[in-house]
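A.B. asks: Sequence and predicted structure, then a few things I'm wondering about:
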Amino acid sequence: MEGCNNDYITEELNLSQTINSNDQLQVHQCTGGNTDAPTSTVLVVSTVSSSVSEPVTSTTSGNPKDILRTHASKIVDSISIDIPRTAYALYSKELIPQQTKQEMLVPAVDNYTKAANLMNVIEKQLESSFNPEHYLTEMCRVLMNQQHRTLTDITTSILHQLGQAIPDVTSISSIPDDVQGYADNMRQHYKHQPIVAMDWPPRIGKNFFGRLALVEKQDSSTQAESAWHLLRGEVDETVKLTGNKEISVEDVFQPTDSSLSLRVVIDGPPGIGKTTLCRKLLNMWSNGPPLHQQYDLVLYCPLRNSKIATATTLADLFVCQRYEVPMVAEWFEKRNGEGLLIIFDGWDELSEQLRQSSLAASIICKEKLDQCSVIVTSRSYASSSLLKMDTLSRHVQVIGFSKEEISTVIIQTLQKNTKLAQELIDEKAEQEKLPLLGNANYKSHFTTTQSSKDSQLAAKLINDLKVRNDVQSLCYIPLVCSMVILVYCKEGGHLPATLTQLYENFILQTIRRHVKRHDINPHTLGSLSSLPSQLAKPLQEMCQLAYTNLANTTMTFSSHQLQSLSEAVKEDYLGLMTTFTEYDDEKYQFLHLSIQEFLAAWWIAKHEKKTEEVFKDHFDDDHFRMCMINPLMM
């Protein structure tokens, strides 16, 4: 029979044939039946203790069949509380047939009848087993893992009668099998996904999300000072502010003195690496201690995902949908979220209405699931409401690269030879020491003795950035730093004059990269404004899509939503979009939200007749903040 070992082969019991014969079992249970009566569930962590009142004892002989019959009634009472979870756990160990597992999900039958029928199947499986004692022992271990005090007492008694060793409390799984199974599946998923989601723009440096600074008790003046330093790219000054200190990624999870249930806000400018940091945290949990011990499950919930943003139940937040989800969600709900960590990524991508009223907002504010821990990321301009929460445990800023780190990243990115790169880094460090030593031969620009073209180019870019402090002040942001290095190399060692020109050139390089695969000479593409019609029309469609959906706070798209982009579809969206899977559906999004914002700005500047009116209409819209910079600069 499918789903069972040969030891346990027996005829299946058809539920429909047993319902009528079990009429005497139709009694009202506290877990079902009368929907008008309130129900309650008390979750008790499984323990094996000599202090349990009225321990289950029996003088029954060591015959497994007789032992099970003696305890059957109490087992039925106990497993009826959560029959689906018990059935799935037994099936996962091949102790019952698949059909029986399915029958336990029939909504028309009350839980007590299902439990009685399940016991009938177990008795038949035991009777037909080649090794009844082994079967009964395995069944006891499964029921013991259901974390139910009475079941633990019963199964302890049965194992004692069988002469089997009683599992130590520490060896009993702290969570049910279905919860453990889902957590294991997510752990494997997080472990194998790349920490940096995309390879374009090219990856740079080792810590793609930059550095972290713990911010404690900032008043408005300190916040303004911090914002001023970040605007000028002086990230080291941010760390030096009163109440701030640099921390490691592991410090994000440190419990506070007041509560193990954390509410952590992580903010920073666009492209600083907030999402990448989230993926790093997921990877850390998947690889074991210390996060493995602290949280039974970690859920990653991108708020740009419309289903996450509008979720009404905890189960809706499970992006990876599996059959265990309803039971896993219910288990955490009964514990008020204890042992659960939820990472809400992109608070700024929610509409103002959803920031005020949504499941995510309720959980963050501890109105729901107050025992779970929450990390929420946001662009700095949208995090003010989060920082005012009474429940806030920790405020962390992603502050990016220092000037020294920018130079190191440039060298490591351009000089692929690891040995030469390290020698160049050391050479620069030695030159930086000269003014401190009062050396008259010190030169402000960096020179290298290496003849390698890549090393020479790296040194030239470092020197050019010293002259162009306006561009260097943006390079503390990993995304911008990557784009600057890319554009600098592609443009023969020239820096863009403005942030708008940087984005425009990056879009152009992306399109060049795309057409190269289609036997079009990329060097014939001089600028976005002079693209051939074959590419100009798709770009126009992409810009309009970016603008109209930014206004609707839509950042992800289905293939159906993109069908109207006839020309862009033909050109594979010019390489400006990436695909991902959401609830088993293929979805699309721009390479980065800032790319969508730039294209929206391009549409406003190039195609809207009343640009000034559009500007005024969206002046107070958070989602158009970055967008507004570009039309002004254009």
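C.D. replies: Nice, I can see it.
A.B. asks: And the helices in the stretch 501-634 of the chain, which stretches?
C.D. replies: Taking DSSP state H, counting those that start in this stretch, the helices of the stretch 501-634 of the chain run over residues 533-551, 566-570, 593-607, 611-617, 625-633.
A.B. asks: Just say which of these is most tucked in.
C.D. replies: When you average the neighbours per residue for each of these (mean count of other Cβ atoms under 10 Å), helix 593-607 leads with a mean of 22. Heads up, the C-betas are built off the backbone N, CA and C, glycines and all.
A.B. asks: packing partners for that one?
C.D. replies: Counting contacts by 3 or more Cβ pairs under 8 Å, 6 or more residues apart in numbering; DSSP states H and E, helix 593-607 is packed against helix 499-515, helix 533-551, helix 611-617, helix 625-633.
A.B. asks: what ranges of the stretch 151-300 of the chain fall below the confidence cut-off?
C.D. replies: For the stretch 151-300 of the chain, the stretches with pLDDT under 70 are 168-174, 198-199, 205-210, 216-224, 228, 230-233, 257-259, 289-293.
A.B. asks: Do I have it right that residue 139 meets residue 122?
C.D. replies: Yes: Residue 139 lies in contact with residue 122 (Cβ atoms under 8 Å); the separation is 6.5 Å.
A.B. asks: shared neighbours, those two?
C.D. replies: Both residue 139 and residue 122 are in contact with 90, 95, where contact means Cβ atoms under 8 Å, 6 or more residues apart in numbering.
A.B. asks: on that earlier part again, ok, which of the helices of the stretch 501-634 of the chain comes nearest residue 402?
C.D. replies: Nearest to residue 402, of all these, is helix 593-607, at 22.0 Å by Cβ to Cβ.
A.B. asks: Domain boundaries for this structure, per the record?
C.D. replies: 6-174, 185-400, 403-495, 528-633 (automatic domain parsing).
A.B. asks: where's residue 82 relative to residue 263, distance?
C.D. replies: Distance of residue 82 to residue 263, given as Cβ to Cβ, to the nearest Å: 30 Å.
A.B. asks: wait, which of the domains of the chain is closest to residue 520?
C.D. replies: When these are compared by Cβ to Cβ, domain 528-633 sits nearest residue 520, at 8.3 Å.
A.B. asks: Kindly state the beta-bridge partners for residue 588.
C.D. replies: On the basis of DSSP bridges, residue 588 is bridged to residue 557, residue 579.
A.B. asks: Quick one: residues contacting it.
C.D. replies: Counting by Cβ under 8 Å, 6+ apart, residue 588 touches 556-559, 562, 573, 577-579.
A.B. asks: residues of stretch 338-354 that come out buried?
C.D. replies: Buried residues in stretch 338-354, defined by neighbour count with 16 or more other Cβ atoms under 10 Å: 338-351, 354.
A.B. asks: rewinding a little: rank the helices and strands packed on helix 593-607 by mean pLDDT and give me the bottom one.
C.D. replies: Of all those, the minimum mean pLDDT falls on helix 625-633 (a mean of 49).
A.B. asks: what's the closest of the buried residues of stretch 338-354 to residue 411?
C.D. replies: Set against residue 411, the nearest of these by Cβ to Cβ is residue 345 (31.1 Å).
A.B. asks: thinking the closest one is in contact with residue 277, fair?
C.D. replies: No: using Cβ under 8 Å, residue 345 makes no contact with residue 277, being 9.2 Å away.
A.B. asks: Mutual contacts of the two, please.
C.D. replies: Overlap of the contact sets of residue 345 and residue 277 (by Cβ under 8 Å, 6+ apart) consists of residue 377.
A.B. asks: I'd guessed residue 369 sits against residue 332; true?
C.D. replies: Yes: Residue 369 is within contact range of residue 332, at 7.4 Å (criterion: Cβ under 8 Å).
A.B. asks: Would you work out how far apart the start and end of stretch 354-362 are?
C.D. replies: With Cα to Cα, to the nearest Å as the measure, the ends of stretch 354-362 fall 10 Å from one another.
A.B. asks: Any figure for the gap between the nearest residue to residue 428 once chain neighbours are set aside and residue 461?
C.D. replies: Nearest non-adjacent residue to residue 428, counting by Cβ to Cβ, 6 or more residues apart in numbering: residue 446, 5.6 Å away. Going from residue 446 to residue 461 by Cβ to Cβ gives 10 Å.
A.B. asks: elements contacting the helix or strand where residue 489 lies?
C.D. replies: Element membership for residue 489, per DSSP states H and E: helix 478-490. Applying 3+ Cβ pairs under 8 Å, 6+ apart, we find helix 478-490 packed against helix 403-414, helix 453-467, helix 499-515.
A.B. asks: can you tell which of those helices is closest to residue 358?
C.D. replies: Closest approach to residue 358 among the helices and strands packed on helix 478-490 (Cβ to Cβ): helix 499-515, 31.2 Å.
A.B. asks: which parts of the closest one are buried?
C.D. replies: By neighbour count on 16+ other Cβ under 10 Å, the buried set for helix 499-515 is 499-500, 502-512, 514-515.
A.B. asks: cool, stretch 456-469 as well?
C.D. replies: For stretch 456-469, the neighbour count (16+ other Cβ under 10 Å) marks 456-462, 464-465 as buried.
A.B. asks: Over to stretch 74-89?
C.D. replies: Within stretch 74-89, judged by 16+ other Cβ under 10 Å, the buried ones are 75-89.
A.B. asks: so of the residues you listed, which ones are in helices?
C.D. replies: Among these, DSSP state H puts 75-79, 83-89 in helices.
A.B. asks: Now render these as TSV, adding pLDDT and distance to residue 298.
C.D. replies: Below are those laid out as TSV (pLDDT from 0 to 100; distance: Cβ to Cβ, whole Å):
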residue	pLDDT	distance to residue 298
75	92	34
76	92	36
77	87	35
78	84	31
79	88	29
83	85	28
84	84	24
85	81	21
86	89	26
87	90	27
88	88	22
89	88	22
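A.B. asks: Farthest-apart pair in those, please.
C.D. replies: Farthest pair in those, by Cβ to Cβ: 77 and 88, 19.5 Å.
A.B. asks: any idea how far the residue most central in space within the chain is from residue 177?
C.D. replies: Nearest residue to the geometric centre of the chain (Cα atoms, centre = their mean): residue 300, 2.4 Å. Relative to residue 177, residue 300 is positioned 23 Å away (Cβ to Cβ).
A.B. asks: give me the element residue 375 is part of.
C.D. replies: Assigned by DSSP H and E, residue 375 falls in strand 373-379.
A.B. asks: Can you list the strands that that strand pairs with?
C.D. replies: Strand 373-379 has these strand partners (DSSP bridges): strand 263-268 (parallel), strand 340-345 (parallel).
A.B. asks: Any idea how far whichever helix or strand comes after the last one is from the middle of the chain?
C.D. replies: Stepping forward along the backbone from strand 340-345, the first helix or strand reached (DSSP H and E) is helix 352-356. Chain-centre distance of helix 352-356: 21 Å, with Cα atoms, centre = their mean, to the nearest Å.
A.B. asks: Among the buried residues of stretch 74-89, which pair sits farthest apart?
C.D. replies: Distances among these were taken as Cβ to Cβ; the most separated pair is 77 and 88, at 19.5 Å.
A.B. asks: shouldn't residue 265 be in contact with residue 392?
C.D. replies: Yes: between residue 265 and residue 392 there is a contact at 6.4 Å, judged by Cβ under 8 Å.
A.B. asks: Same drill for the two, tell me which one is more crowded.
C.D. replies: A direct count of neighbours by other Cβ atoms under 10 Å for residue 265 and residue 392 places residue 265 higher, at 23 against 15.
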